[in-house]
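# okay, sequence plus prediction incoming.
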Amino acid sequence: MRSQLGFGNKLLLQVLSTMVVVFGITMFFVIKYSYETSQTEAKKYLQEAAFKEASIIQGEVDQTILITRLMAKKFESPFKTGIALEQKEVIQYFKDILNQNKLIVGIWFKIKDKTLLFPENMEMAGKEGYDKVGQFNPYITRTDSGISVSPGAVYSEKDAWVKGPMETGKLYITKPYLYPVNGEKVLMVSIGVPMYNNNQYIGVAGIDINLEIFAQKAKETRYYDTGYFFLVGQHKYNLAHPKRENLGVLVTPTGNFENAMNRAQENKDTTFSRLKETGLVNFYYSKAIAIGNEGIYWNLFLTVPENEYLKDAYFIRNFSIIAALIGILLMAGVVIFTIKKLNFNLRSISSGLDGFFLYLNKETSETKSIEIKSNDEFGAMAKSINENITKIQVGIN
């Protein structure tokens, strides 16, 4: 069956189809490349941000751990040097440490044998660093009015900060807990290092670090519009989080979170995306933080909604689509105008020739000139046909 489309319409359909295909393929690769580039750059920025935060936390905690180790060495030194420690000198030593380290909120040591390093003094029980059983056992803390010296809790191997270092025989970091300092409950963890004399356990030297500093940093730091970081310890408790109600809460990881935490214990980083209850997809970067070179790893998570960190990619994609549509419409308008002019010229020539053939067949007594006044090929063709028709008409007459 013969096609009902004329030459001009066929040409129009072919040109428009070709334009759509060419623009479509071009825009596909432009959008794909720009989208992937923006996505890669955004993820690189988030990775660098996570590395920066993790490095700061690692540096501050490792410095505190080094101080704790030096404290343990100080209390082990009398057994090697034979020089006894003085109570006032020990307290001043602790005060100097507190004055130089904002992260540290409390300093302490626990000796199993209460007369091993310092003499028992029941008269001073409950005063000047002596606990209720007369052991020199000070707890040095920072307060608004300065540094406070108070009696520490009596040595007990049931306490996590004593039991952990004693049983593991190495650096131990407790689960986070709230402890009253300066009249307010402060979220902290205790770092304990076991002490020895001739390979015999004698006690623990320890420091309490203030997790509120990390929590405040998490609350104040934003990535893009609403992105933030949070910190999970080796015991899977939140050590820092922008939301106060999540601090110190046990995390029950599943799926990608569980995999990220397991990989963090192998000192490996992880990235994944997760659909939240809000309906938004969030990107997560999990950064492992090695603490103290003792096989302890904390896990820093940095999360940003996908629509925020891909904002530029979405803009480029949408702009490219709109620009492509506008380009197609403009070019289609030009092509349609040109095809209409072409169709008009073709119809004019066809009509002129039909009239001439009617004249040759003596079905009409006159002919009409083809009315095309353009200076292009159609104009030249029309002029040539009109001249020849006139010659033939004169000859016939």
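Structure received.
# quick one: mean pLDDT for the biggest strand by length in the chain?
The single longest strand within the chain, with elements called by DSSP state E, is strand 184-197. Strand 184-197 carries an average pLDDT of 92.
# counting by contacts, list what the helix or strand that comes right after it packs against.
The helix or strand immediately downstream of strand 184-197 is strand 200-210, counting by DSSP states H and E. Secondary-structure packing of strand 200-210 (3 or more C-beta pairs under 8 Å, 6 or more residues apart in numbering; DSSP states H and E): helix 7-81, strand 104-111, helix 160-168, strand 184-197. No exception for glycine: its C-beta is placed from N, CA and C like everyone else's.
# enumerate the positions of the third one that are buried.
Of the residues in helix 160-168, 161-166 count as buried by neighbour count, 16 or more other C-beta atoms under 10 Å.
# want to throw those into JSON lines with pLDDT and distance to Lys114?
Output for the buried residues of helix 160-168, formatted as JSON lines (pLDDT from 0 to 100; distance: C-beta to C-beta, whole Å):
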{"residue": "Trp161", "pLDDT": "92", "distance to Lys114": "17"}
{"residue": "Val162", "pLDDT": "94", "distance to Lys114": "14"}
{"residue": "Lys163", "pLDDT": "95", "distance to Lys114": "18"}
{"residue": "Gly164", "pLDDT": "94", "distance to Lys114": "21"}
{"residue": "Pro165", "pLDDT": "95", "distance to Lys114": "18"}
{"residue": "Met166", "pLDDT": "95", "distance to Lys114": "16"}
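# turn these into TSV, including distance to Gly192.
TSV is the format used below for the buried residues of helix 160-168 (distance: C-beta to C-beta, whole Å):
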residue	distance to Gly192
Trp161	5
Val162	7
Lys163	9
Gly164	6
Pro165	4
Met166	9
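# and which of those residues is nearest to Gln393?
Gly164 (116.9 Å; C-beta to C-beta).
# excluding chain neighbours, what is closest to the closest one?
Closest residue in space to Gly164, ignoring its immediate chain neighbours: Tyr172 at 3.5 Å, by C-beta to C-beta, 6 or more residues apart in numbering.
# next: Trp298.
Per C-beta to C-beta, 6+ apart, closest to Trp298 is Ile289, 4.3 Å.
# can you show me the strands along the stretch 151-300 of the chain?
172-173, 177-181, 184-197, 200-210, 228-232, 238-240, 270-275, 281-291, 296-305 (DSSP state E, counting those that start in this stretch).
# who does the last one touch, helix- and strand-wise?
Using 3+ C-beta pairs under 8 Å, 6+ apart as the contact test, the elements touching strand 296-305 are helix 7-81, strand 228-232, helix 255-264, strand 281-291.
# follow-up on the earlier one: looks like the residue nearest to Trp298 contacts Ala54 (just checking).
Yes: using C-beta atoms under 8 Å, Ile289 is in contact with Ala54, at 4.9 Å.
# can you list residues touching both of those two?
Counting by C-beta atoms under 8 Å, 6 or more residues apart in numbering, the shared contacts of Ile289 and Ala54 are Leu300.
# for Ala288, give me its contacts.
Contacts of Ala288 (C-beta under 8 Å, 6+ apart): 54, 263-269, 297-299.
# rank the strands of the stretch 151-300 of the chain by pLDDT, which is bottom?
Of all these, strand 177-181 has the smallest average pLDDT, which comes to a mean of 83.
# show me what counts as buried in the lowest-mean-pLDDT helix or strand in the chain.
One helix or strand of the chain scores below all others by mean pLDDT, DSSP states H and E: helix 377-396, with a mean of 75. For helix 377-396, a neighbour-count test (16+ other C-beta under 10 Å) marks 378, 382, 385-386, 389 as buried.
# can you lay out the residues you listed as JSON lines showing distance to Phe28?
Compiled in JSON lines, the buried residues of helix 377-396 are given as follows (distance: C-beta to C-beta, whole Å):
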{"residue": "Phe378", "distance to Phe28": "38"}
{"residue": "Ala382", "distance to Phe28": "44"}
{"residue": "Ile385", "distance to Phe28": "47"}
{"residue": "Asn386", "distance to Phe28": "50"}
{"residue": "Ile389", "distance to Phe28": "53"}
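# related to what we said a few turns ago, pick the most buried one from the helices and strands packed on strand 296-305.
Highest mean neighbour count among these (mean count of other C-beta atoms under 10 Å): strand 228-232, with a mean of 23.
# so what touches that one?
49-50, 53, 57, 214, 218, 221-223, 238-242, 246, 251, 261, 298-303.
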